[in-house]
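**Student:** Sequence and predicted structure below; questions after.
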Amino acid sequence: RKEVEQDPGPFNVPEGATVAFNCTYSNSASQSFFWYRQDCRKEPKLLMSVYSSGNEDGRFTAQLNRASQYISLLIRDSKLSDSATYLCVFEAAGNKLTFGGGTRVLVKP
Amino acid sequence: DAGITQSPRYKITETGRQVTLMCHQTWSHSYMFWYRQDLGHGLRLIYYSAAADITDKGEVPDGYVVSRSKTENFPLTLESATRSQTSVYFCASRDLGGNDYTFGSGTRLTVV
């Protein structure tokens, strides 16, 4: 089983719609969780951290479910500029990040 | 300019040649990392460094060598390049206790 698994997509989303996707992880010792965004094979950039209580950043909402070992990302009111690949990332001890393969989102007019 | 820079941006090399990818950061971050990204695998950690003169293997270290003689530089060397090392290589840095990993723009390496 891969350490981190994501649906590769693509998720085709009408502009203005809501899209949500999950990421499962197998390492129960994972301590920190993040969503990164990557555009067209450019460098990944931090979108948001994921906290146990769930957190929002504008139109983006992240959730963590430790019992079921997954995190989720929800994007409301999708914009064309949200088209990207979203990488699920976790950090176990040792300050090393482990990346999922990414979920591709395509927002269409 | 402040930040993390990688060079070269693009490199084509022949099988068996030695090639070095450079990574330089201006923040004096403690941690530096090298990842490779291939279709179907996401980003995989090659090597990382917690400080100058301290390096450790990541998930896929075979065929690579790193050094960290200065905090700001973390070069990655392919001692004898193979076609399987064709990939996009990303360098990243992070400060001690920080939460944000900052990535360089990447080096696209093709081994022919």
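**Tutor:** Now that the structure is in, tell me what you want to look at.

**Student:** Could I get the contacting residues of B:H29?
**Tutor:** If you count contacts by C-beta atoms under 8 Å, 6 or more residues apart in numbering or on different chains, B:H29 has them with B:71, B:93-96, B:98, B:102. To be clear about C-beta, it is placed using only N, CA and C from the backbone, and glycine gets the same treatment.

**Student:** Could you identify the buried members of those residues?
**Tutor:** B:71, B:93-94, B:102 (16 or more other C-beta atoms under 10 Å in any protein chain shown).

**Student:** will you turn those residues into a markdown table that also has distance to A:S49 and pLDDT?
**Tutor:** Formatted as a markdown table, the buried ones among the contacts of B:H29 follow (distance: C-beta to C-beta, whole Å; pLDDT from 0 to 100):
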| residue | distance to A:S49 | pLDDT |
| --- | --- | --- |
| B:T71 | 26 | 95 |
| B:S93 | 18 | 94 |
| B:R94 | 13 | 90 |
| B:T102 | 14 | 91 |
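
**Student:** JSON lines please, covering the residues you listed and showing secondary structure and distance to chain A.
**Tutor:** Shown next, in JSON lines, are these (DSSP: H, G, I helix; E, B strand; the rest coil; distance: C-beta to the nearest C-beta, whole Å):
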{"residue": "B:T71", "secondary structure": "coil", "distance to chain A": "16"}
{"residue": "B:S93", "secondary structure": "strand", "distance to chain A": "11"}
{"residue": "B:R94", "secondary structure": "strand", "distance to chain A": "7"}
{"residue": "B:T102", "secondary structure": "strand", "distance to chain A": "8"}
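
**Student:** Compute the distance between B:T86 and chain A, please.
**Tutor:** 14 Å (C-beta to the nearest C-beta, to the nearest Å).

**Student:** surely that residue meets B:L78?
**Tutor:** No. Using C-beta atoms under 8 Å, B:T86 is not in contact with B:L78, being 10.6 Å away.
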